[in-house]
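Colleague: give me a 3D structure for the following:
(chains A and B)
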Amino acid sequence: MTDKRPVRPIMNPFTPAGLVFRALVILLLFALAHLAGWREFTGILCGTTAAPGVPIATAALRGLLYVLLYLLTLLAVPVMLAASAVLHCWKRCSERSQKREGTSHNPETKVL
Amino acid sequence: MDKTKHIMRSAALLLLVGLPLVGILSAGKPLARYLEFPPLTRYVAHAPFAWPAFIALALIIAICLAPFVRQVFRHWRDPATAPGLRPFPWWGWAGLALGGAAWIMAWNRFRWFAPVQEFTFTPLWASYIVVVNALCFRRTGHCMLTDRPRYLVALALTSAVFWWYFEYLNRFVQNWYYENITTLTPLKYFLFATLPFATVLPAVMGTYELLDTYPRLTSGLASFTPVRLHRPRLLAGAALAASCAGLAGVGVWPDYLFPLLWLAPLFIITSLQALAGQPTVFADLERGDWRRVVLLALAALVCGFFWEMWNYRSQARWVYTVPYVYHFKIFEMPILGYAGYLPFGLECAVIAGFIGGARRASTPRTVVRWTVALLIAALVWLPLVHFVFKPRLADWRTPRGVPREAAALAGRQLAVWTDPALAAGQVARMRATNAEWDFMARTYLVLALANISLRDPAEQPRCLAAMDRMIDDTLRLEREQGTFHFLMEYARNQPYLKSGGRSLFQDGEIALMLAARRLAAERDEYRAPLAARIETMTNYMAAGPILSGESYPDECWTFCNTIALAAMRMADALDGTDHRDFCARWLDQAWRHLIDPRTGLLIASYSLAGTPYNGPEGSSIWMTAHCLQLVDPAFAADQYRRARRELGRSFLGFGYAREWPASWPNQPDVDSGPIIPVLEISSGSSGLALVGAAAFGDDDYLVALLTSLKFGGFPTREGGNLRFCASNTVGDAVMLYALVQGPLWARVEQLNRGRTVQ
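Modeller: I've put the predicted structure just below:
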């Protein structure tokens, strides 16, 4: 049986709300990693071993996760937020033009 | 997917991958080279061109194609419905613009584009796909990109695997190989290959859909000769057996069976489909409809033309080595080779038919808008990111005084070396990776503190005390623990040849520290140790065949030798000795033995006799050029200029340095630090590039490097002190030295110049 309930906009990655939600999740994860002190483990980038008492594999994992979240926060989050703004404006414009034309959009699809 | 389909696909996969290997194994050939990655070795020697083979193959191709060409031309004037054209969509224009730009980049060699010059094929083909879809949209109002974007993505993903399979088959026949990619690391090679491979199926299927809108191309083929098989399963079984035998033999007799690379996979899959009672790509032929088959072949041929054309002048490119028929080339492909594209089009359709999602329409506009919005946002944001991190140069480096950030870095460094517990922890961290770093952290900090005390007399007492503490501690450790304490373990593997068990790495840097301390403020206790060390170094360097000293047994480093030369010039300034003649003779030997002919840069390491162990290395050359400023300023400036050209890079406002020039194979080592693939960013080389940029007044590059440092160094401030989490004590000391260096070298030059005048 197929669930035909519509997906909530926040859960749909292709909506402005979905993008903002995902950007906030990344921010939250980065904040948690930062507060947990994982920035210290980025020393793995220069090949230096971890702080005493932390196994190297754990330190490497924390360091690399921190770097990944940091890069996502700096590079992807602003892009996602800006894209959500662009999408929002785009949606508003197309809704206005559709209202003006009084037609609803029903794209045909071509099947191979 | 039903059970029959599942079994059929599994069997096809097993046969397609396994048969060439079975053939090789049964012929007793070594398996390993066929599975090599990256696949660079060429081991199949092909037969030369032969007219009989060329004519025979040309005749076979002509006989096969002639009936279709004749039929199409006979019916060319049949009435056909012309579609109502729509405006060419805006994204099609964007694709054209991207394609034009990518083409210009691919066929030119702009210096600033060099880091990604190998990757032009992907944007070229991405734009091709967009333009082909836009043309299709213009003619029909539909195309994959707008109607079935998910299918398009699935095609791209499948395409990458699909073409990797043909690369795998090519290991057995070696009909093509790639040029200008030998310096790629396995990961970079994988990326280099996978991205363009992902465009193959979308390009061919997109072209097919476009050609399908031109009914004249298949005039008369809708009701052409029907192919009705009386015993289809028997024929399918026979075709399967023959194709399997052929595929198993391609590696054994590559010169004879190489065309099967394109034919065998097609016939194996379609035979299995026929045996399983499933429709095949040839199904329409039963009622005489050849349109789809011909259009698919034609679509691959059109793509083939563009593949070969764009490949022709690209930097990373393929070259063919086809037996018997390698003549009359159109671009790199011999003319008969284009026939291989015909069955390839059918293969593409067979694989595309496997993608279940093809029959599901997705929500096209939403996905297209989402992609475009993300692209716009990325195009706006990514070029701006560096402005967030771009430093104000006056905070980091000034001609006089101690810049603010340098003072903060120095504060942290002094805190480390004045707190025994903190120092022990930092030393342990460095020594766990490399004992040399423990030593070099001291050297760079002493050099930095000497510069700070010359820049700011108020800081002198604190700096001198710290320098004395570090020098005394280093001398004590050397005395108590011996030469090997600051060296890597392999130093014990064999005896030193000429230095009497001494390492120039250690002697040179200790001499440098002693001299720096005395230049900052004279200290009588260090006169004799400096003089003795300089004399010892000079003696064993002079005993070597090319006047170089060993850092490790029979292993000389340019880095250590030029540091030793700099220490000699500092000693000359302090004590009135004169090592100019020795330095000149060393440089003469360097010109003869240590210059890499490809780049003009000094190589990094070599044997005592001058046999190179490797090429120029970023973690060596920047400091080498800086040390040579005290020996031969013109040569030093030339080395910096060359290093900047070969290794220095900037990307979107971020500066970095490669560890090796593009012309050298990559071999990450402990000094380079991890190398970030694709851009080849080396943390070790980038850190030392700061020293070079600061020493040679290259402010633009210095700012770009500092931008990267602020972005990727993970700076942390504690009580007004600054450190970089992604670095370590030696890394921070190098950065500090880069920011404050200048007065010490200036003082040496001033004193030596004064002596020359007298």
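Colleague: ok, B:Tyr256 - contacts?
Modeller: When contacts are counted by C-beta atoms under 8 Å, 6 or more residues apart in numbering or on different chains, B:Tyr256 touches no other residue. Every residue, glycine included, has its C-beta placed from N, CA and C.
Colleague: how far off centre is the helix or strand of chain B with the lowest mean pLDDT?
Modeller: Across the helices and strands of chain B, mean pLDDT, DSSP states H and E gives its lowest value to strand B:675-676, namely a mean of 76. Distance of strand B:675-676 from the chain centroid (C-alpha atoms, centre = their mean, to the nearest Å) equals 9 Å.
Colleague: all strands of the chain, in order?
Modeller: Unless you meant another one, I'm taking chain A. Secondary structure of chain A (DSSP state E): no strands located.
Colleague: wrong one, I was asking about chain B
Modeller: B:176-179, B:317-320, B:329-330, B:333-334, B:556-557, B:605-606, B:648-651, B:654-657, B:675-676, B:681-682, B:715-718, B:721-724.
Colleague: how about the first one: buried residues?
Modeller: I take that to be strand B:176-179. Across strand B:176-179, burial judged by 16 or more other C-beta atoms under 10 Å in any protein chain shown covers B:176-178.
Colleague: as JSON lines, those with pLDDT and distance to chain A would be great.
Modeller: What follows is those, written out as JSON lines (pLDDT from 0 to 100; distance: C-beta to the nearest C-beta, whole Å):
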{"residue": "B:Trp176", "pLDDT": "91", "distance to chain A": "30"}
{"residue": "B:Tyr177", "pLDDT": "89", "distance to chain A": "35"}
{"residue": "B:Tyr178", "pLDDT": "87", "distance to chain A": "30"}
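Colleague: counting neighbours, what do you get for the spatially closest residue to B:Thr213 that is not a sequence neighbour?
Modeller: Distances taken as C-beta to C-beta, 6 or more residues apart in numbering or on different chains put B:Arg139 closest to B:Thr213, at 4.3 Å, once the chain neighbours are dropped. B:Arg139 is flanked by 19 other residues according to other C-beta atoms under 10 Å in any protein chain shown.
Colleague: OK, contacts around B:Arg139?
Modeller: B:83, B:85-86, B:210, B:213.
Colleague: any regions of chain A where pLDDT drops low?
Modeller: For chain A, the stretches with pLDDT under 70 are A:1-9, A:49-52, A:101-112.
Colleague: please identify the deepest-packed of the strands of chain B.
Modeller: Among the strands of chain B, strand B:556-557 has the highest mean neighbour count (mean count of other C-beta atoms under 10 Å in any protein chain shown), at a mean of 28.
Colleague: for B:Asn614, what are its contacts?
Modeller: Contacts of B:Asn614 (C-beta under 8 Å, 6+ apart): B:603-605, B:664, B:667.
Colleague: try 6 Å this time
Modeller: The neighbours of B:Asn614, taking C-beta atoms under 6 Å, 6 or more residues apart in numbering or on different chains as the test, are B:604-605.
Colleague: tell me the phi and psi of it?
Modeller: phi -160, psi -170 (degrees, to the nearest 10).
Colleague: tell me the spacing between it and chain A.
Modeller: For B:Asn614, the distance to chain A (C-beta to the nearest C-beta, to the nearest Å) stands at 19 Å.
Colleague: distance of the residue of the stretch 101-250 of chain B found nearest chain A from B:Gly99?
Modeller: Across the stretch 101-250 of chain B, no residue is closer to chain A than B:His142, which sits at 4.0 Å (C-beta to the nearest C-beta). Distance, B:His142 to B:Gly99, using C-beta to C-beta, to the nearest Å: 22 Å.
Colleague: try B:Arg42
Modeller: For B:Arg42 relative to B:Gly99 (C-beta to C-beta), the value is 32 Å.
Colleague: test my guess that B:Val204 contacts B:Cys348.
Modeller: Yes. Using C-beta atoms under 6 Å, B:Val204 is in contact with B:Cys348, at 4.2 Å.
Colleague: just to revisit the earlier point, B:Arg42 and B:Gly99: who's more crowded?
Modeller: B:Gly99 (20 against 11).
Colleague: wait, the more buried one touches B:Ala126, no?
Modeller: No. Between B:Gly99 and B:Ala126 there is no contact under C-beta under 6 Å: 8.4 Å.
Colleague: report whether the longest helix seen in chain A contacts chain B.
Modeller: Secondary structure of chain A per DSSP state H: the longest helix is helix A:77-101. Yes. Legend: contact between helix A:77-101 and chain B by C-beta under 6 Å from any C-beta of the partner chain is shown at A:78-79, A:82-83, A:86-87, A:90.
Colleague: can I get those in CSV including neighbour count?
Modeller: Below are these laid out as CSV (neighbours: other C-beta atoms under 10 Å in any protein chain shown):
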residue, neighbour count
A:Pro78, 19
A:Val79, 24
A:Ala82, 19
A:Ala83, 27
A:Val86, 21
A:Leu87, 25
A:Trp90, 17
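Colleague: so how far is the first residue of stretch B:191-211 from its last?
Modeller: 31 Å (C-alpha to C-alpha, to the nearest Å).
Colleague: list the buried residues of that stretch.
Modeller: Under the neighbour-count criterion of 16+ other C-beta under 10 Å, stretch B:191-211 has B:191-193, B:195-211 buried.
Colleague: now, those residues that are in helices?
Modeller: Of the positions in the buried residues of stretch B:191-211, B:191-193, B:195-197, B:200-211 sit in helices, assigned by DSSP H.
Colleague: can you count the residues close to B:Arg287?
Modeller: B:Arg287, neighbours per other C-beta under 10 Å, totals 12.
Colleague: so what's it closest to, chain neighbours aside?
Modeller: B:Arg287's closest residue in space is B:Pro226 (C-beta to C-beta, 6+ apart), at 5.9 Å.
Colleague: the one you found: how many residues sit nearby?
Modeller: Counted with other C-beta under 10 Å, B:Pro226 comes out at 12.
Colleague: tell me how far the residue lying closest to B:Met8 once chain neighbours are set aside lies from B:Arg233.
Modeller: Spatial nearest neighbour of B:Met8, chain neighbours left out: B:Ala276 (4.5 Å); criterion: C-beta to C-beta, 6+ apart. Going from B:Ala276 to B:Arg233 by C-beta to C-beta gives 10 Å.
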